[in-house]
Structures are given as C-alpha cells and as structure tokens.
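Enquirer: Turn this into a structure:
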Amino acid sequence: LLPDLKAGCSLADSCPPHLFRKFKEKYPDHVVVSYINCTAELKTLTDVCCTSTNAVQIIESIPEDKGIIFAPDINLGRYL
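Expert: Below is the predicted model of the structure:
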C-alpha cells in the first residue's frame with residue numbers, strides 16, 4: 001500500500017493562506033478561529049484552533065462585541 005503523495009484535503013485547499021491573509025487584514029480587530037482541518041500555514045494566522053467537539057464552547061468564550069472570522073469550514077461556521 002502506497003500513499004498518494006498528491007492527495008490533499010478539499011477543506012484545507014478551499015482556504016489558500018495567501019488569500020486568507022489579505023482577507024484577515026481587512027478585519028484586524030476580529031478574532032480568527034480555525035477548524036483543526038486546515039493547513040499549518042493557516043494555523044499561523046489563527047488566534048484559536050478548534051475541533052467540531054469544542055467549536056461551540058470556543059465561539060461562546062469570545063466576547064459578543066468581538067467580530068469573528070471562522071475558517072475554513074463554511075458549514076460549521078454557519079452553524080456556529
């Protein structure tokens with residue numbers, strides 16, 4: 001059994017870090033929360049990393065007056 005070295009993660013691929021960095025620059029006062037299934041480079045742009053198990057708890061811990069950028073899972077972000 002050989003791994004496919006070209007295999008990737010569609011979720012991680014959906015949020016290119018160079019584009020995310022530019023988006024984040026537009027909202028400097030927002031807290032960035034990213035789902036664990038993102039690239040290491042995206043994690044460097046993140047304030048808090050979450051899993052599906054603790055996402056609600058993390059979002060609820062952020063003050064209500066703070067804006068939140070959630071990446072890269074748009075479906076989980078909409079749910080939250």
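Enquirer: Could you tell me how far I62 is located from A55?
Expert: Using Cβ to Cβ, to the nearest Å, one obtains 11 Å as the distance from I62 to A55. In this view, the C-beta of every residue, glycine as well, is placed from N, C-alpha and C.
Enquirer: Quick check: nearest residue in space to K43, chain neighbours excluded?
Expert: Excluding its sequence neighbours, the residue lying closest to K43 (Cβ to Cβ, 6 or more residues apart in numbering) is C49, at 5.9 Å.
Enquirer: Provide a list of residue ranges in this protein with pLDDT below threshold.
Expert: Screening the chain residue by residue with the criterion pLDDT under 70, one finds the ranges 1-2.
Enquirer: quick one, strands of it?
Expert: In the chain, strands defined by DSSP state E lie at 31-35, 48-50, 68-71, listed in chain order.
Enquirer: what's the neighbour count on C9?
Expert: Neighbour count of C9, defined by other Cβ atoms under 10 Å: 11.
Enquirer: for this protein, which helix is longest?
Expert: Longest helix of the chain, by residue count under DSSP state H: helix 17-25.
Enquirer: Now for I62 and A55: what residues contact both?
Expert: Common contacts of I62 and A55 (Cβ atoms under 8 Å, 6 or more residues apart in numbering): V33.
Enquirer: Those two: which has the busier surroundings?
Expert: Relative neighbour count places A55 above the other of I62 and A55, with 20 against 15, counting by other Cβ under 10 Å.
Enquirer: right, and that one touches L76 too?
Expert: Yes: the pair formed by A55 and L76 meets the contact definition of Cβ atoms under 8 Å, at 6.2 Å.
Enquirer: Spit out the residues that contact those two alike.
Expert: Common contacts of A55 and L76, defined by Cβ under 8 Å, 6+ apart, comprise Y35.
Enquirer: Just name the most buried of the strands of the chain.
Expert: Each of the strands of the chain was given a mean neighbour count from mean count of other Cβ atoms under 10 Å, and the largest, a mean of 21, is that of strand 31-35.
Enquirer: That strand pairs with which strands, and in what direction?
Expert: For strand 31-35, the pairing partners within the sheet under DSSP bridges are strand 48-50 (parallel), strand 68-71 (parallel).
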